[in-house]
Every structure is written in C-alpha cells, then in structure tokens.
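Asker: one predicted model, sequence on top.
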Amino acid sequence: MKAPPADIQPVPLASVDWDDRRFAMESHGPEDTIQSSISRYGILAPPWVLEAAAGKVAIVDGFKRMRFLREREEREAVCAVFPSHVNPRELWAWRLEARLFGSPPNPAEKARVAAILADGPLEASSVSRLLEGFGLPLHPQSLARWTRLARSEPALLEAAARGIVHERAALELAGWLLPVEDRAGFISLLGHLRCSASIQVEIIEGFRDIGMMLKQPVGELLRCTEVRGILDQPDWSHREKTRAVREWLDEMRLPRLKARERLFKARLRRTPPPAGTTVAPPPSFEGSHWRLEVVFSSDDELRGRLGQLKAWVESDGVKALLTPELAGEPRDRLRDDP
C-alpha cells in the first residue's frame, strides 16, 4: 500500500478540532519524557492531521505533542497534513504500521490496538499481520479479552500502562464483572505488593475462588481486617506482605489442609526424626504412601542412622505423624501447638 499523500506545513492550533478523537490511541503512560524532549529539541516527528470541514483539521497521530504545544500557548505546529479525501482506513493502516517500529507498546496501547482491529477498519490480511506484529492473539475469543481491557475504566488502563498491574493480571481483572471500586481495590493491593505477573494472577484467582466459596463479595474480602492488617505492617517489605497475603488466601481456600499441615509440623517438632533424616507426607495428606529420606556418607554412618530410626519408630514418633487425630487434640486445629 502506498503512503497517503501529505504536505508538511505549519498548522494553526486554532484550526484543530480538539474534540475529534476518532484516531486517538491513549497510552495512559507518563508524559514527562515527551514533554522533556519537546522542551529541549522541539517537535522531531511532525504530527499527522487530516483536513476536515470548515477549515478545521483532526489529529491523526501526535495527540500528546499537539496538546503540549497548546498548553505552552504556541500558535502553530509543523504537521503532515493529509487531504480530506484520504480514506481513514489508509490512515489507520499507516498509523499502526508506523507504531510497530516505535517503542514496545504497553498493555493499554495493545488493548486499544486490539479494539481498533476488532472493529474491522482494515482488510483481513492487514489485521492478521498487525495483530501478530503487536503480539496480540489471532483467535477471536482471546482477542475479545483485549477489547474488554480497552473498554475498562481509565484507572485499570493506567495501572497496566505503568506496570503496577501486569498484562496477564489486567486481562483477568478486565474480564471479571466487578464493581469499579472492587477493581480499584485490586489495583491498590497489587500496587502495595509489587509482585510478579504469575503471583498477581494467583492472588486475583485466590480472591475470586474464596468469594465464590463463601458467597461473599470480593470487595469485602479486600477490605477485611486480615488483609488490611497485612498491608498496614510498617516494617514489612513488599515481599513479606506478598507472602502473608498468599498464606492467608491458602488458609481461607483450604482451611482443613492448612490445619493438617500445621498439626504435622507441630508433631514433628515434638518428636523429630534423627538428624540426617526427613519425613514427607503424601501430597495434600491424601493416600497412605509417606516418604523417608536418609542422608549418609559411609556405611558406618548409615548403620548409625538406621539404629536411631529404629529407636524413633519404637518411641511412637512415626505413629503420631501418621494418625490424623489424637486424643485430646482439636479436630480442626487453627494454630500451631505451643
């Protein structure tokens, strides 16, 4: 496709239709870098504008640059001016093509591109190539997740653009029917924790599972005393807070399993196996196959370990570990033994 014809010429800012945003692609990222560059070097790449009715022009590319010049009360800007007869589809094709060779798009920009291409302003062959170029999925259902993100509230898009909420987590939150204030609660929580993308998704899914299990609004869980208490710890690092939130979610989601794990650890402390040996229960304490590992470096050391193991078994140490409940112990222990 040949580039649409354009003349490089000064454009009075008074002739710009600032309300015409049909070509807008909000990045929701910080503008400090652009402002600093323009202040030092001026406009290096001319914005694109399209001639409109009544002597007006519509911005096609360069919204931030044009707005910055307007705020500085400049009178005109040197722009690439496209005549009114140029097909908007051609402008979109060239604008997206040029964007491919710029800085990597943030999730908010990718979502906007997905929404633009899903609306069908371009031919199918161009859509497939551009989707691949922007790292977007070709499958309609997967692409729909990105378009939902594009239609989300600005707070989520800004958090995704700034890296507060990672791409995968932003897609999860955008696809989940939540009140705006609950999504804001997740943004605040993830901003506090500053954890990886996989852990962000794990935390979101954890709150969703617990809300469904307890039939309780997620917003109430986000604002509960336990979660607020973790986030308000003044001396904890973000990693310690993340670990505490994950442990609380595990406790809420699997209370009996966590109680059984604590009981196992408490009994292990009371009657520990000999040095150089470790005991591991079956996964999730389901089944009857336990594992015992013995570490040794000589035959004499192995004989010594086996002798100590025999004494440990005869002292009922193993029996205590294998028995789910012992007389005098609560059925569902919620705290470690003293």
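Answerer: That came through, no problem. Numbering: from 1, shown residues only.
Asker: now do the SS call for Ala80.
Answerer: Secondary structure of Ala80, reduced to three states by DSSP: H, G, I helix; E, B strand; the rest coil: strand.
Asker: my guess is it contacts Ile43, does it?
Answerer: No: with contact defined as Cβ atoms under 8 Å, Ala80 and Ile43 do not form a contacting pair (11.1 Å). Placement of C-beta: from N, CA and C, glycine included.
Asker: between those two, tell me which one has more neighbours.
Answerer: Ala80 (21 against 17; other Cβ atoms under 10 Å).
Asker: just the pLDDT at the more buried one, thanks.
Answerer: You'll see Ala80 listed with a pLDDT of 91.
Asker: and the longest helix seen in the chain, what does it pack against?
Answerer: Identified as the longest helix of the chain according to DSSP state H is helix 197-214. Contact here means 3 or more Cβ pairs under 8 Å, 6 or more residues apart in numbering; DSSP states H and E; on that basis helix 197-214 packs against helix 167-174, helix 180-193, helix 218-222, helix 238-253.
Asker: so it versus helix 180-193, what angle?
Answerer: Orientation of helix 197-214 against helix 180-193 (axes from the mean of the first three to the mean of the last three Cα atoms, to 10 degrees) gives an angle of 140 degrees.
Asker: quick one: average pLDDT of stretch 311-324?
Answerer: pLDDT averaged over stretch 311-324 gives 78.
Asker: on that earlier part again, angle of the longest helix of the chain against helix 167-174?
Answerer: Using the same axes, to 10 degrees, helix 197-214 lies at 30 degrees relative to helix 167-174.
Asker: what residues sit buried inside helix 197-214?
Answerer: Ile199, Gln200, Val201, Ile203, Ile204, Gly206, Phe207, Ile210, Gly211 (16 or more other Cβ atoms under 10 Å).
Asker: which residues of the stretch 51-200 of the chain score low on pLDDT?
Answerer: In the predicted model, the stretch 51-200 of the chain carries pLDDT under 70 at residues 121.
Asker: helix, strand or coil: sort out the residue nearest to Gly135 when sequence neighbours are not counted for me.
Answerer: Spatial nearest neighbour of Gly135, chain neighbours left out: Lys110 (7.0 Å); criterion: Cβ to Cβ, 6 or more residues apart in numbering. Using three-state DSSP, the structure places Lys110 in helix.
Asker: what is the burial count for Lys110?
Answerer: Neighbour number of Lys110 under other Cβ under 10 Å is 21.
Asker: so it touches Leu143, yeah?
Answerer: No: using Cβ under 8 Å, Lys110 is not in contact with Leu143, being 10.9 Å away.
Asker: any shared contact partners between the two?
Answerer: Leu136 (Cβ atoms under 8 Å, 6 or more residues apart in numbering).
Asker: how about CSV for the helices and strands packed on helix 197-214, with mean neighbour count added?
Answerer: What follows is the helices and strands packed on helix 197-214, written out as CSV (neighbours: other Cβ atoms under 10 Å):
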stretch, mean neighbour count
helix 167-174, 22
helix 180-193, 18
helix 218-222, 18
helix 238-253, 16
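Asker: quick one: the strands in the stretch 51-200 of the chain?
Answerer: 57-61, 76-82 (DSSP state E, counting those that start in this stretch).
Asker: what's the closest of those strands to Gly229?
Answerer: Among those, strand 57-61 comes nearest to Gly229, with 48.5 Å by Cβ to Cβ.
Asker: and the residue sitting furthest away from the middle of the chain, what's its pLDDT?
Answerer: Within the chain, the residue lying farthest from the chain centre (Cα atoms, centre = their mean) is Asp300, at 54.2 Å. Asp300 carries a pLDDT score of 89 in this model.
Asker: what helix or strand is it on?
Answerer: Asp300 belongs to helix 299-314 when assigned by DSSP states H and E.
Asker: wait, Ser84 sits on Glu51?
Answerer: Yes: Ser84 sits in contact with Glu51 when judged by Cβ under 8 Å, with a separation of 4.2 Å.
Asker: more neighbours, those two?
Answerer: Set Ser84 next to Glu51 and count neighbours by other Cβ under 10 Å: Glu51 wins out with 16 against 10.
Asker: in the sheet, who's paired with the more buried one?
Answerer: Under DSSP bridges, the beta-bridge partners of Glu51 are Val57.
Asker: quick check: it vs Arg148, distance?
Answerer: 35 Å (Cβ to Cβ, to the nearest Å).
Asker: contact partners of the longest helix of the chain?
Answerer: Outside helix 197-214, the residues touching it (Cβ under 8 Å, 6+ apart) are 165-169, 172-173, 176, 186, 189-190, 193, 195, 216-218, 221-222, 242, 245-246, 249-250, 252-253.
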